[in-house]
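A.B. asks: Sequence plus the predicted model coming up.
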Amino acid sequence: MNVVRRSAAALAAAAVIGAAAPAVAASSSPSPSALPAGLYGTTDPKYDGVWRQSLALLAQHETGVRPAAKAVDWLAGQQCANGAFAPFRADTGKACDAKTMVDTNSTAAAVQSLAALGGHDTATGKAATWLKSVQNKDGGWGYTPGGASDANSTSVVIGALAAVGEKPAQATKDGKSPYDALLKLALPCDGKQAGAFAFQPDKKGKLAANADATAAAVVGALGKGLTGAATKPAHAAATCKDAPDAEQAAANGAAYLTTALAKDKHLTSALPGAKPQPDYGNTADAVLALATAGQGDKAAGALDWLEANSGPWAKTSGPAAYAELILAAEAAGADVHHFGGQDLVAQLNATGPKPASVSASTTPADSTKADKKDKDKKDDSSPFGVWWIVGVCLVAGVGVGFLLSVRNKR
């Protein structure tokens with residue numbers, strides 16, 4: 001789930017519980033001096049602070065970077081006494097209460113990050129216990145405790161449980177596991193939406209294909225987390241078949257994503273009233289999902305497209321975007337230090353406090369030498385030298401009702 005969607009989800013959750021929530025366009029970025037010293041990114045962390053920090057630390061860990069202690073401490077310090085995390089707590093000296101807007105996504109992401117870094121068993125154990133305490137009767141999770149189960153939230157919690165050494169299939173409520181919840185959101189193998197996952201059923205109980213939810217669910221159904229897994233290539237292309245279990249449902253989802261990427265090599269977002277635009281974040285998530293499902297070769301075109309076009313988007317979107325690209329590239333076997341002429345790791349590191357250590361392969365000197373070699377080749381035919389200029393416009397006055405609509409349409 002990319003940053004824009006996380007902000008929309010948080011705003012929607014605020015509206016549901018009655019908290020005041022400003023329009024996205026009205027939220028200004030605080031000055032750098034007003035931000036916590038250990039935080040990644042320079043935009044207001046109110047709705048995505050823990051999420052983007054967790055992804056940044058995960059991506060650094062995956063690429064041999066040891067984050068600054070204050071960055072890890074900031075994330076760990078966001079936890080409430082009951083184990084849950086909110087998107088952002090400005091005053092961690094004040095205990096969480098009933099008004100603290102904790103959510104499953106922030107909590108599950110923080111668990112995966114802290115578990116990967118090590119040394120936080122007590123914190124991750126408490127968070128996992130809290131997550132299981134708010135599991136729905138269908139076996140899944142919603143964004144907020146008690147909210148209807150959705151594919152994205154259920155999948156990220158599966159990743160969290162796996163990260164602390166638990167077996168997600170054994171996390172049951174009324175006899176239902178997270179995999180049962182995902183199977184209920186899987187579409188059958190007929191029509192244009194064959195094999196996809198829905199985010200949630202609509203008000204009439206109907207399922208509609210959602211690429212974002214499908215990418216998340218493919219990874220979750222395979223018991224993996226936000227970093228995915230670089231699996232061995234499958235012997236054959238994924239095809240949609242009746243899904244008696246989560247593994248087949250994941251294969252069906254991979255088949256849907258392969259078809260969705262075939263034409264343009266990227267996914268597309270279409271917000272109400274806006275012209276359809278390339279969806280960089282979900283395309284990266286789809287690449288990671290396909291690689292995890294053993295269909296990485298089917299994601300090659302999308303990975304090439306991201307290398308050629310994602311630079312301006314990542315620069316505008318910040319640490320979570322760089323992290324998404326890194327995790328996708330890592331899962332697909334691409335070079336994160338020479339991704340479309342860019343060193344994604346160095347760019348991510350620059351969005352936060354200086355890392356405690358960086359492996360030799362990620363030093364700026366190495367990156368500079370490699371970039372010089374690339375220039376010396378003078379390969380004008382390479383698509384990686386071509387950038388699409390992306391104009392990012394925020395529409396002023398967009399309110400909570402619109403964001404609720406966006407989340408429902410997912």
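C.D. replies: That came in fine, so what should we check first? Fair warning: this is a prediction, and the values are worked out from it, not measured in the lab.

A.B. asks: so where's the stretch 251-400 of the chain shaky on pLDDT?
C.D. replies: 360-400 (pLDDT under 70).

A.B. asks: change it to 80
C.D. replies: Along the stretch 251-400 of the chain, segments meeting pLDDT under 80 span 270-272, 360-400.

A.B. asks: Please enumerate the strands of the protein.
C.D. replies: For the chain, the strands defined by DSSP state E occupy 65-66, 267-269, 277-279, 357-358.

A.B. asks: Include mean neighbour count when you put the ones you listed into JSON lines, please.
C.D. replies: In this view, the C-beta of every residue, glycine as well, is placed from N, C-alpha and C. Listed next are the strands of the chain as JSON lines, based on neighbours: other CB atoms under 10 Å:
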{"stretch": "strand 65-66", "mean neighbour count": "18"}
{"stretch": "strand 267-269", "mean neighbour count": "19"}
{"stretch": "strand 277-279", "mean neighbour count": "18"}
{"stretch": "strand 357-358", "mean neighbour count": "15"}
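
A.B. asks: Nearest to T129, out of those strands?
C.D. replies: T129 lies closest to strand 65-66 among those, at 28.2 Å (CB to CB).

A.B. asks: which outside residues touch the closest one?
C.D. replies: 60, 345, 349, 355-359, 362 (CB atoms under 8 Å, 6 or more residues apart in numbering).

A.B. asks: let's go with 7 Å and repeat that
C.D. replies: Contact partners of strand 65-66, identified using CB atoms under 7 Å, 6 or more residues apart in numbering, comprise 345, 349, 355-359, 362.

A.B. asks: Partner strands of that strand, with direction?
C.D. replies: Partner strands and pairing direction for strand 65-66 (DSSP bridges) are strand 357-358 (antiparallel).

A.B. asks: returning to that earlier point: distance to D212 added to the strands of the chain, as a markdown table?
C.D. replies: Output for the strands of the chain, formatted as a markdown table (distance: least, CB to CB, whole Å):
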| stretch | distance to D212 |
| --- | --- |
| strand 65-66 | 27 |
| strand 267-269 | 8 |
| strand 277-279 | 8 |
| strand 357-358 | 32 |
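
A.B. asks: Which of these sits closest to G49?
C.D. replies: G49 lies closest to strand 65-66 among those, at 20.0 Å (CB to CB).

A.B. asks: for the record, mean pLDDT for the closest one?
C.D. replies: For strand 65-66, mean pLDDT rounds to 98.

A.B. asks: ok, now stretch 157-172?
C.D. replies: In this model, stretch 157-172 has an average pLDDT of 98.

A.B. asks: Selecting buried members of the contacts of strand 65-66 in PyMOL, what would you type?
C.D. replies: Those of the contacts of strand 65-66 that count as buried under 16 or more other CB atoms under 10 Å are selected in PyMOL with:
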select buried, resi 345+349+355+358+362
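
A.B. asks: Which pair in the contacts of strand 65-66 has the greatest spatial separation?
C.D. replies: Using CB to CB, those reach their maximum pairwise distance at V345 and A356, which is 14.4 Å.

A.B. asks: ok, A314 touching L325?
C.D. replies: Yes. Counting by CB atoms under 7 Å, L325 is a contact partner of A314 at 6.0 Å.

A.B. asks: Could you give the number of residues near the residue nearest to E330 when sequence neighbours are not counted?
C.D. replies: Nearest non-adjacent residue to E330, counting by CB to CB, 6 or more residues apart in numbering: E62, 5.5 Å away. Using other CB atoms under 10 Å, E62 has 20 neighbouring residues.

A.B. asks: Looking at this protein, which helix is longest?
C.D. replies: Under DSSP state H, the helix in the chain containing the largest number of residues is helix 246-262.

A.B. asks: can you count the residues close to the closest residue to C80 other than its chain neighbours?
C.D. replies: By the measure of CB to CB, 6+ apart, the closest residue to C80 outside its immediate chain neighbours is C96, 3.5 Å from it. C96: 18 surrounding residues under other CB under 10 Å.

A.B. asks: and what of G93?
C.D. replies: Look at G93: counted by other CB under 10 Å, it has 6 neighbours.

A.B. asks: Distance of it relative to T122?
C.D. replies: Separation of G93 from T122 (CB to CB, to the nearest Å) stands at 20 Å.

A.B. asks: Let me know the pLDDT of the spatially closest residue to E166 that is not a sequence neighbour.
C.D. replies: Counting by CB to CB, 6+ apart, E166 lies nearest to A128, which is 6.5 Å off, once chain neighbours are set aside. Predicted confidence (pLDDT) for A128: 98.

A.B. asks: And stretch 60-71, what's buried?
C.D. replies: Buried-residue list, stretch 60-71, by 16+ other CB under 10 Å: 60-63, 65, 67-68, 70-71.

A.B. asks: again with stretch 98-110
C.D. replies: 101-110.

A.B. asks: got the CA positions of it in PDB?
C.D. replies: What follows is stretch 98-110, C-alpha atoms only, in PDB (Å, rounded to 0.1, in the frame of the first residue of the first chain):
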ATOM      1  CA  ALA A  98      -9.000   5.600  23.900                       C
ATOM      2  CA  LYS A  99      -8.500   8.600  21.600                       C
ATOM      3  CA  THR A 100      -5.100   7.300  20.300                       C
ATOM      4  CA  MET A 101      -5.800   6.200  16.700                       C
ATOM      5  CA  VAL A 102      -3.900   2.900  16.700                       C
ATOM      6  CA  ASP A 103      -4.200   0.600  13.700                       C
ATOM      7  CA  THR A 104      -3.200  -2.800  12.500                       C
ATOM      8  CA  ASN A 105      -1.100  -1.600   9.500                       C
ATOM      9  CA  SER A 106       1.200   0.600  11.500                       C
ATOM     10  CA  THR A 107       1.600  -2.100  14.200                       C
ATOM     11  CA  ALA A 108       2.200  -4.900  11.700                       C
ATOM     12  CA  ALA A 109       4.800  -2.900   9.700                       C
ATOM     13  CA  ALA A 110       6.600  -1.900  12.900                       C
END
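
A.B. asks: Can you give the contact residues for it?
C.D. replies: For stretch 98-110, contacts defined as CB under 7 Å, 6+ apart pick out 13-14, 17, 19, 50-51, 54-55, 75, 80, 84-87, 96, 127, 130-131, 134, 141, 143-144, 153, 156-157, 159-160, 226.

A.B. asks: Cool, thanks, talk later.
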